[in-house]
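Enquirer: Show me the folded form of this:
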Amino acid sequence: MNWGIFEDLLSGVNKYSTAFGRIWLSLVFIFRVLVYLVTSEKVWSDDHKDFDCNTRQPGCSNVCYDHFFPISHVRLWALQLILVTCPSLLVIMHVAYRQARELRHLEQVGEGGGRLYPNVGKKRGGLWWTYVFSLVFKASVDSIFLYAFYRLYQNYLLPHVVFCSEDPCPHTVDCFISKPTEKNIFTLFMVATAIVCILLNLVELGYLVSKRCWECREVGRMDTKKDLLSGGDLIFLGTDPKPPLLPFSPDSPRDQVKKTMV
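Expert: Numbering: from 1, shown residues only. This next block holds a predicted model:
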C-alpha cells in the first residue's frame, strides 16, 4: 500500500470537512480500517477450516458452514468500509472540479476579470449539497449493514454450538464454531464504532442544516431592513433621535381660522 497517497487523501478530506467530519474520519481510519487490517484477517482466517461437525458424512460440514455463514464477516466489513469512505472522495472530486473550472475562467478573463468562487473549498451551492448527500449516504450505509449483521448472525453474536440438519447430513448434527468469544468481541467493537460514526454523521448534518438556516434568516433580515429604509417613508428606530418639535406660534393656521369665525 502506498502510504504517501493515503496521507494525501486524508489531508484532502480533512481540509474540506467540519470538526465533526474530522472526528468521524479519525474514528473510521483508526478504529475501523486499522483494526480490520491488523486483526480481523487473523481472527477469521481459520473459521472454515476449524468449523467441525460431529459427523463424517462428506459435504455435511461445507453445507452447514455455508448455511450459518452465507457471507463472511471480513468480506461484509470490507464492502461496508469501501462504501462508507467513497462519499468523502466525492467531495474532494467536487472541489477539484471547482478548482479546474476556476483555473479555466482565469485563463480566459485574466486576473482582473473576477472569480467564479471566492473560496473553492467553501461549502456553498452545489458543494454544500454534495457534502450533505455524503453524510446521508454514509449514515444510511452503516445503518443498512448493521441491520444486515443483525439478521444474518443472530443479533451480532455467534454461539459456541450450532445445530444443522441440511442435506446431505444424515441427521441433525452439532457443529462447533472456531473462537466464537474472540469473534464476538471484535464484532461488537465494529458495531459500536459504526453506531458512533452514524451519530457523528447525524450531528454534523444537523449542524450544517441549522447553520445554513441561520445564515438564510440573517440574510432575509438584512434584506428586509434595506427595503424598509429605502421605501420612501421615514422610519425612526429605537436608537434614532426623535424629530425636533416645532415652536408654538399664536398665528398658526388653526388660530387664524378661529379669529375669522369670531
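Enquirer: List the residues that contact Phe149.
Expert: Residues near Phe149 by C-beta atoms under 8 Å, 6 or more residues apart in numbering: His73, Leu76, Tyr156, Thr187, Val191. (Each C-beta comes from the backbone N, C-alpha and C, glycine too.)
Enquirer: mind checking the SS state of it?
Expert: Three-state assignment for Phe149 (DSSP: H, G, I helix; E, B strand; the rest coil): helix.
Enquirer: The closest residue to Pro70 other than its chain neighbours: neighbour count?
Expert: Distances taken as C-beta to C-beta, 6 or more residues apart in numbering place Leu152 nearest to Pro70, at 6.6 Å, with adjacent residues excluded. If you count neighbours by other C-beta atoms under 10 Å, Leu152 ends up with 14.
Enquirer: Return the members of the contacts of Phe149 classed as buried.
Expert: His73, Leu76, Thr187, Val191 (16 or more other C-beta atoms under 10 Å).
Enquirer: so can I have a markdown table of these showing distance to Thr18?
Expert: Shown next, in a markdown table, are the buried ones among the contacts of Phe149 (distance: C-beta to C-beta, whole Å):
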| residue | distance to Thr18 |
| --- | --- |
| His73 | 32 |
| Leu76 | 29 |
| Thr187 | 30 |
| Val191 | 25 |
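Enquirer: So which of the residues you listed sit within helices?
Expert: Applying DSSP state H to the buried ones among the contacts of Phe149, the entries found in helices are His73, Leu76, Thr187, Val191.
Enquirer: contacting residues around the last one?
Expert: Neighbouring residues of Val191 by C-beta under 8 Å, 6+ apart: Leu146, Phe149, Tyr156.
Enquirer: Then the third one?
Expert: Residues in contact with Thr187 (C-beta under 8 Å, 6+ apart) are His73, Phe149, Tyr153, Tyr156, Leu157, Leu158.
Enquirer: Look up how far Cys86 lies from the second one.
Expert: Note on Phe149: its distance to Cys86, by C-beta to C-beta, to the nearest Å, is 20 Å.
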